[in-house]
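Participant: Let's see this in three dimensions:
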Amino acid sequence: MGSSQRSTARDGFSNKLEFYALTHFQPVWGLLQRSSFLKKKTNGTLINRLIYKIPTRPYPFSTMAGYTSWASLNDRGYSGRHLPPSRRDPKALPPIDDVVQLFARKPDQTVLSPKSTLLFSHFAQWFTDGFLRTDRTDFLKNTSNHDIDLCTVYGLTRQVTDRIRSHEGGKLQSQMINDEEYPCYIFDEHGEVKSEYTELTTIFPEELEAARKGKLFAMGGDRANVQVGYAMLNTLFLREHNRLCEALARRHPSWDDERLFQTARNIVIVLVIKIVVEEYINHIAPYHFKFVLDTTGLKNARWYRQNWMSVEFSLVYRWHGMVPDHIDVAGERLPAEQTLFHSELLTSRGLGPLFEEASLQPAGEIGLFNTPRFLLEVERASILLGRTSRLASYNDYRELCKFPRVTDFDQISGNAEVQRALKKLYGHVDNVEFYVGIFAEDTRENSAVGSLIGRLVGIDAFSQALTNPLLSGHVFNARTFSKLGLATIAQTKTLSDVLHRNIPARDTRYKVSMTRLDWRESE
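Facilitator: Predicted coordinates:
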């Protein structure tokens with residue numbers, strides 16, 4: 001695809017100035033972060049500044065209706081929304097088949113991310129599937145708990161959680177394969193769900209061969225078997241939970257199964273939130289300042305409200321372009337679709353090697369013309385979700401997020417093919433749909449995403465992660481986590497930390513990173 005420099009004429013002076021300051025003056029930012037006091041103050045200031053780019057919760061609208069009602073302000077079975085429904089007739093939009101082709105990757109022409117690894121892709125899918133859960137029977141509704149509660153590991157309901165617990169020593173049920181711990185299998189030798197897992201649901205295609213079906217794991221999340229990366233992360237945090245239970249039992253021999261389970265779960269949830277802030281978000285952002293998990297000074301902010309996932313947030317996270325055509329897994333180079341519903345790839349190879357393989361392989365770049373063919377139907381569903389929700393236009397959301405409205409296609413992307421395709425389908429920039437526009441944008445330098453995605457991810461990620469009740473000042477203490485738990489949280493900063501305490505003791509130190517080892521930050 002031919003590319004040139006994107007026009008920055010409509011980026012906005014204040015946005016340019018802020019971005020320049022945060023991506024330059026590295027010695028100043030480095031000096032500032034060496035002071036604990038200044039780092040905390042700057043961390044809070046930057047987070048607040050980002051979240052206040054758009055109006056804060058409560059949302060005046062949800063996908064329930066195009067007007068505000070008491071029900072729409074309270075029924076979280078519907079998704080929230082940042083802007084009211086558009087008055088534009090969806091029938092006036094381009095044919096959906098044509099729009100889907102904007103996302104289609106040319107055969108064997110994956111555009112690779114210069115920064116992100118496949119592990120970043122795995123983590124993004126696994127993490128967001130825990131709270132961005134569109135109802136498959138009604139796109140206006142969702143099945144989310146709206147909190148970062150690791151329902152991927154622990155289940156959406158108490159009934160599911162109860163089924164996957166061992167009820168001994170606080171642990172989750174597991175099995176040993178090749179001297180490593182994994183979830184148990186959900187199906188018996190006859191292909192029927194085991195009696196102890198009747199409360200569980202797991203998504204898999206009807207035509208899945210019996211050998212693969214028999215190796216699907218019994219896990220809290222219904223999508224947890226979809227892809228090998230998902231199963232890797234669920235397995236890792238199952239191990240961490242059970243490891244913590246053993247350590248807590250040694251430290252507190254009087255604690256019963258229930259207290260051990262609940263305390264370990266508390267610790268694991270906060271560990272994941274910390275990794276999200278200090279590894280995942282810092283990977284996405286192109287800034288010299290590195291965010292930390294610290295809620296000092298944030299509790300009285302007006303954005304500190306009950307979580308409610310929005311329909312826009314769900315669409316922002318459809319990063320299908322990150323999936324390459326082929327994935328290196330279990331020592332083989334496989335077509336990406338062969339890693340779906342194939343947990344034996346994990347058990348045959350082991351957790352450490354698979355994390356390293358994912359860390360050594362580049363992810364695809366997020367953007368148009370880069371979605372693998374087998375995921376195009378998912379793109380279709382995403383476009384349909386935006387239309388069913390009657391979302392406002394891409395330009396309307398730029399304006400909401402304090403970006404000037406674009407006036408020409410070269411202000412969205414410097415890629416000539418993207419410009420031509422958008423102009424052919426939409427005619428005028430004001431007609432570009434939200435979902436198409438955010439993925440048409442060029443990736444920011446030193447970032448993993450474009451400008452509007454980056455802003456919306458930051459706003460929703462911070463405002464819905466830092467409100468977790470476990471982070472509240474009167475909850476975040478040794479009574480909730482134990483001294484052992486607080487120490488574990490303090491000592492953990494990356495996925496690598498968690499992995500290396502949950503694999504068989506060997507001399508090998510695996511490479512575990514969301515950022516490519518050959519990536520070099522540009523000035």
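
Participant: switch to C-alpha atoms for all contacts and neighbour counts from now on
Facilitator: Fine.

Participant: can you map out the strands along the stretch 151-300 of the chain?
Facilitator: For the stretch 151-300 of the chain, the strands defined by DSSP state E, counting those that start in this stretch cover 175-177, 180-182.

Participant: could you say what helices and strands the last one packs with?
Facilitator: Spelled out, it's strand 180-182. Judged by 3 or more C-alpha pairs under 8 Å, 6 or more residues apart in numbering; DSSP states H and E, the packing partners of strand 180-182 are strand 175-177, helix 228-251.

Participant: Pull up the pairing partners for the shortest one, direction included.
Facilitator: The one in question is strand 175-177. Next to strand 175-177 in the sheet, as set by DSSP bridges, lie strand 180-182 (antiparallel).

Participant: Pull out the buried residues from the strand it pairs with.
Facilitator: Under the neighbour-count criterion of 16 or more other C-alpha atoms under 10 Å, strand 180-182 has 181-182 buried.

Participant: what sits up against it?
Facilitator: The contact list for strand 180-182, computed with C-alpha atoms under 8 Å, 6 or more residues apart in numbering, reads 174-176, 235, 238-239, 347, 350, 503-504.

Participant: what do you get if the cut-off is 6 Å, keeping everything else the same?
Facilitator: Outside strand 180-182, the residues that touch it by C-alpha atoms under 6 Å, 6 or more residues apart in numbering are 174-175, 235.

Participant: which among those gets closest to residue 211?
Facilitator: residue 175 (18.1 Å; C-alpha to C-alpha).

Participant: pLDDT score for that closest one?
Facilitator: At residue 175, the model reports a pLDDT of 98.

Participant: what do you get for the one 4 residues further on?
Facilitator: Looking at residue 179, its pLDDT is 94.

Participant: Name the nearest residue to it, sequence neighbours excluded.
Facilitator: With C-alpha to C-alpha, 6 or more residues apart in numbering as the measure, residue 504 is the residue that lies nearest to residue 179, at 7.7 Å, once sequence neighbours are left out.

Participant: Neighbours of that neighbour, how many?
Facilitator: 14 (other C-alpha atoms under 10 Å).

Participant: Repeat that for residue 103.
Facilitator: 24.

Participant: Now do the SS call for residue 513.
Facilitator: The assignment at residue 513 comes out as coil when based on DSSP: H, G, I helix; E, B strand; the rest coil.

Participant: From residue 449, how far out is it?
Facilitator: Remark: distance between residue 513 and residue 449 (C-alpha to C-alpha, to the nearest Å) = 18 Å.

Participant: how close does the residue of the chain most remote from its centre sit to residue 126?
Facilitator: Most distant from the centre of the chain: residue 254, at 37.8 Å, with distances by C-alpha atoms, centre = their mean. With distances taken as C-alpha to C-alpha, residue 254 is found 35 Å from residue 126.

Participant: what's the answer for residue 429, then?
Facilitator: Counting by C-alpha to C-alpha, the gap from residue 429 to residue 126 is 34 Å.

Participant: so what's the closest residue to residue 402 other than its chain neighbours scoring on pLDDT?
Facilitator: Computed as C-alpha to C-alpha, 6+ apart, the closest residue to residue 402 that is not its neighbour in sequence is residue 53, at 6.3 Å. With respect to pLDDT, residue 53 scores 96.

Participant: Please work out how many residues are found near residue 53.
Facilitator: 15.

Participant: Ok, residue 209 next?
Facilitator: If you count neighbours by other C-alpha under 10 Å, residue 209 ends up with 10.

Participant: OK, contacts around it?
Facilitator: Contacts of residue 209 (C-alpha under 6 Å, 6+ apart): none.

Participant: Mind giving me the packing neighbours of the longest strand seen in the chain?
Facilitator: Using DSSP state E, we find that the single longest strand of the chain is strand 112-117. Strand 112-117 is packed against strand 362-364, with contacts defined by 3 or more C-alpha pairs under 6 Å, 6 or more residues apart in numbering; DSSP states H and E.

Participant: Buried residues in the helix or strand where residue 381 lies, which are they?
Facilitator: Using DSSP states H and E, residue 381 sits in helix 376-388. By 16+ other C-alpha under 10 Å, the buried positions in helix 376-388 come out as 376, 379-380, 382-387.

Participant: go on, stretch 245-261?
Facilitator: 245-246, 248-249, 257, 259-261.

Participant: thinking again about what came up before, counting neighbours, which of the contacts of strand 180-182 end up buried?
Facilitator: Of these, these count as buried by 16+ other C-alpha under 10 Å: 174, 235.

Participant: TSV please, covering the contacts of strand 180-182 and showing distance to residue 330.
Facilitator: Below are the contacts of strand 180-182 laid out as TSV (distance: C-alpha to C-alpha, whole Å):
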residue	distance to residue 330
174	21
175	20
235	16
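
Participant: Please report how far the nearest residue to residue 184 once chain neighbours are set aside lies from residue 257.
Facilitator: Distances taken as C-alpha to C-alpha, 6+ apart place residue 174 nearest to residue 184, at 5.1 Å, with adjacent residues excluded. Distance from residue 174 to residue 257, counting by C-alpha to C-alpha: 16 Å.

Participant: closest to residue 38 out of the strands of the stretch 151-300 of the chain?
Facilitator: strand 180-182 (42.5 Å).

Participant: Low-confidence regions, the protein specifically.
Facilitator: For the chain, applying pLDDT under 70 flags the ranges 1-3, 523.

Participant: I'd like the helices and strands packed on strand 180-182 laid out as CSV, including distance to residue 410.
Facilitator: Listed next are the helices and strands packed on strand 180-182 as CSV, based on distance: least, C-alpha to C-alpha, whole Å:
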stretch, distance to residue 410
strand 175-177, 54
helix 228-251, 36
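
Participant: Ok, which of the ones you listed comes nearest residue 267?
Facilitator: Of all the helices and strands packed on strand 180-182, helix 228-251 sits nearest to residue 267, with 8.3 Å by C-alpha to C-alpha.

Participant: Give me the contact list for the closest one.
Facilitator: Outside helix 228-251, the residues that touch it by C-alpha under 6 Å, 6+ apart are 122, 126, 153, 170-171, 182, 224-225, 260, 264, 339.

Participant: just stretch 498-518 next, same as before
Facilitator: 115-117, 119-120, 356, 359, 496.

Participant: Neighbour count and distance to residue 270 for these - can I get that in TSV?
Facilitator: Output for the contacts of stretch 498-518, formatted as TSV (neighbours: other C-alpha atoms under 10 Å; distance: C-alpha to C-alpha, whole Å):
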residue	neighbour count	distance to residue 270
115	24	26
116	28	24
117	26	24
119	26	20
120	26	19
356	19	24
359	23	23
496	18	16
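
Participant: Which two among these are spaced furthest apart?
Facilitator: Farthest pair in these, by C-alpha to C-alpha: 115 and 496, 17.9 Å.

Participant: Counting neighbours, what do you get for residue 365?
Facilitator: For residue 365, the neighbour count with other C-alpha under 10 Å is 26.

Participant: my guess is it meets residue 322, correct?
Facilitator: Yes. Residue 365 lies in contact with residue 322 (C-alpha atoms under 6 Å); the separation is 5.4 Å.

Participant: residues of the host helix or strand of residue 420 that come out buried?
Facilitator: Element membership for residue 420 (DSSP H and E) is helix 416-426. Residues of helix 416-426 classed as buried: 416, 418-419, 421-423, 425-426 (neighbour count, 16+ other C-alpha under 10 Å).

Participant: Okay then, goodbye and thanks.
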